[in-house]
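**Q** below are the sequence and a predicted model for it; my questions follow.
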Amino acid sequence: MKKKVSLAVLSIIIVVGSYFVIREFTQTGVTALDDSFTREFLDEDVEVGDGFYFYEARNGKYTMWLSEDYFIVQEPTLFYSKDQLENINLEHNNNSTEIRKSIKLQYRGRNYDHTETAYRDFEELSDIYSFENQHEVIEDGDRLIYFGSSNQWNDGGNIVTRDSGEYDPNRYFALVSTVNGSQYATIQYGIYYDGEACGLNQNEEEQFFQGLLLNIRFN
């Protein structure tokens, strides 16, 4: 009886040990690749910028560059994909109680022109995140890109929105759309922390966000 028990325990130890050995060899140290759900959408054979991977939407309607430091949140309320609608939420791997970074992207597609709806969705973001409706517009071939930023902080329960030209921006928002509005994506990028400053390199954050927008392509 003792031998049987010993053999059973030994078998369990071998199985568990093998799992961790295999896991150790398959982990890359790159957040986007080590998260099995996120990795489903990445094509490592497509060359993109350093620190990024080529992402293709589950519905096949658009592609973008996904930072190696982010993973897709796999929750039904935060990720869903249909032919004309996809919603994804990305979280940064170094999120902590001090600083948290997240990105929300929502894709919409239609079989007809709908520029008014696309811009209306951008206006809704602007109403929430912009300071006095400040934003910029880029015309990039067959795409239009509307984007802006602001600084928001919680003042005793009241959200105060301030000019990102005077305060470090921590809220970024955008619309990337085909010229006719038949396909578009709204994007929100938030940096959350306690207090009024977080000490991040704001030029790097701005470049990161604009790079995200410029590399969204519709199929």
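**A** Right, received. Where do you want to start? Everything quoted here is computed from the prediction, not taken from an experiment.
**Q** now for residue 76, how many residues are close by?
**A** Counted with other CB atoms under 10 Å, residues neighbouring residue 76 total 6. For glycine as for every other residue, the C-beta is placed from the backbone atoms N, C-alpha and C.
**Q** same thing with the one 10 residues further on?
**A** When neighbours are defined as other CB under 10 Å, residue 86 has 21 of them.
**Q** wait, a strand at it?
**A** Yes - per DSSP: H, G, I helix; E, B strand; the rest coil, residue 86 lies within a strand segment.
**Q** pLDDT at the closest residue to it other than its chain neighbours, what is it?
**A** Leaving aside its chain neighbours, residue 86 sits nearest to residue 107 (4.3 Å; criterion: CB to CB, 6 or more residues apart in numbering). Looking at residue 107, its pLDDT is 97.
**Q** which SSE is residue 107 in?
**A** strand 99-109 (DSSP states H and E).
**Q** residue 197 touches residue 168, doesn't it?
**A** Yes - if you go by CB atoms under 8 Å, residue 197 and residue 168 touch, sitting 6.2 Å apart.
**Q** more neighbours, the two?
**A** Between residue 197 and residue 168, residue 168 has the larger neighbour count (other CB under 10 Å), namely 17 against 11.
**Q** so who does that one touch?
**A** 151, 197-198, 200, 202 (CB atoms under 8 Å, 6 or more residues apart in numbering).
**Q** give me the element it is part of.
**A** Here residue 168 is assigned to no helix or strand, by DSSP H and E.
**Q** residue 100 - how many residues pack around it?
**A** Residue 100: 14 neighbours (other CB under 10 Å).
**Q** show me what contacts it?
**A** 91-92, 191-193.
**Q** tell me how far it lies from residue 211.
**A** Counting by CB to CB, to the nearest Å, the separation of residue 100 from residue 211 is 21 Å.
**Q** give me the pLDDT value at residue 4.
**A** With respect to pLDDT, residue 4 has a value of 54.
**Q** what domains does the record give for the chain?
**A** As recorded under automatic domain parsing, the domains making up the chain are 1-29, 35-218.
**Q** of these, flag the one that's most buried.
**A** Comparing these by mean neighbour count (mean count of other CB atoms under 10 Å), domain 35-218 ranks first with a mean of 16.
**Q** okay, how far is it across it, tip to tip?
**A** Domain 35-218 stretches 25 Å from its first residue to its last (CA to CA, to the nearest Å).
**Q** how far does that domain sit from its chain's centre?
**A** Distance of domain 35-218 from its chain centroid, counting by CA atoms, centre = their mean, to the nearest Å, is 6 Å.
**Q** how close does residue 206 get to residue 45?
**A** 30 Å.
**Q** one step back: comparing the domains of the chain by mean pLDDT, which bottoms out?
**A** Mean pLDDT values for the domains of the chain show the minimum at domain 1-29, a mean of 54.
**Q** tell me how far the residue nearest to residue 86 lies from residue 62.
**A** 6 Å.
**Q** what residues are shared contacts of those two?
**A** 86, 183, 185.
**Q** just put these in CSV and tack on distance to residue 34.
**A** As requested, the shared contacts of residue 107 and residue 62 are exported to CSV (distance: CB to CB, whole Å):
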residue, distance to residue 34
86, 23
183, 31
185, 26
